[in-house]
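Quick one: sequence plus predicted model below, questions after.
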Amino acid sequence: MDSVFIITLLFSVFVISSAKTCSRRAFSLGGAFKSCTDLPHLGAHLHWTYFPSVRKVSIAYRAKQSSQGWIAWGINPTSRGMVGSQALVAFRNSNGSMTVYTTSITSYNPSMLPSELSFRMTIYAMVGPLENGTSVNQVWQAGSSVSSNIPQIHSTSPPNLQSMGKIDFRSA
């Protein structure tokens with residue numbers, strides 16, 4: 001991407017409710033989003049509000065996970081799929097605190113170490129500006145373990161391998 005973007009991370013812990021659809025989920029900080037979608041794999045949900053005047057989107061990503069696991073959501077700015085995506089990763093650190101950081105996925109066996117992204121995000125995230133329109137390729141993931149505060153490889157079961165798709169933030 002031609003532009004240089006600043007990354008701002010704001011982390012908040014929220015309670016995952018047992019509701020089955022994204023429209024019934026409430027956020028502990030009272031955040032409200034105009035749109036949501038139940039992602040087709042891994043029991044994940046994406047909430048968002050698109051701000052057309054600044055070409056940015058505010059998001060919240062939720063997925064069920066054990067206390068030993070991790071979750072991630074990202075955008076692939078150049079193609080479809082995992083490799084090339086730029087992601088947010090979250091997990092419970094070995095000291096019990098929550099950890100969130102950004103990472104670039106450069107292979108099918110990524111290091112999962114923190115790295116810079118080429119676009120701005122916050123958690124709840126503000127992503128943008130969306131240079132190539134409101135339709136983007138997204139990926140999401142969940143793994144079952146963290147070792148030495150580094151998320152370990154996720155399962156290669158069909159739901160994990162199929163956790164990608166296109167989303168248009170203008171859709172409601």
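Noted; the coordinates are in hand.

which ones are touching the most centrally placed residue in the chain?
In the chain, the C-alpha closest to the average C-alpha coordinate belongs to Trp73, at a distance of 2.1 Å (Cα atoms, centre = their mean). Taking Cβ atoms under 8 Å, 6 or more residues apart in numbering, we find Trp73 in contact with 44, 46, 59, 61, 87-88, 138-141. Glycine gets a C-beta too; all of them are placed from N, C-alpha and C.

Mind doing that once more with 6 Å?
Trp73 makes contacts with 61, 88, 140, as judged by Cβ atoms under 6 Å, 6 or more residues apart in numbering.

and the closest residue to it other than its chain neighbours, how many neighbours does it have?
Nearest non-adjacent residue to Trp73, counting by Cβ to Cβ, 6 or more residues apart in numbering: Tyr61, 3.9 Å away. Other residues within reach of Tyr61, judged by other Cβ atoms under 10 Å, total 21.

doesn't Tyr61 fall inside a strand?
Yes. Applying DSSP: H, G, I helix; E, B strand; the rest coil, one finds Tyr61 inside a strand.

That one and Ser148, how far apart?
Shown here: Tyr61 relative to Ser148, a distance of 25 Å by Cβ to Cβ, to the nearest Å.
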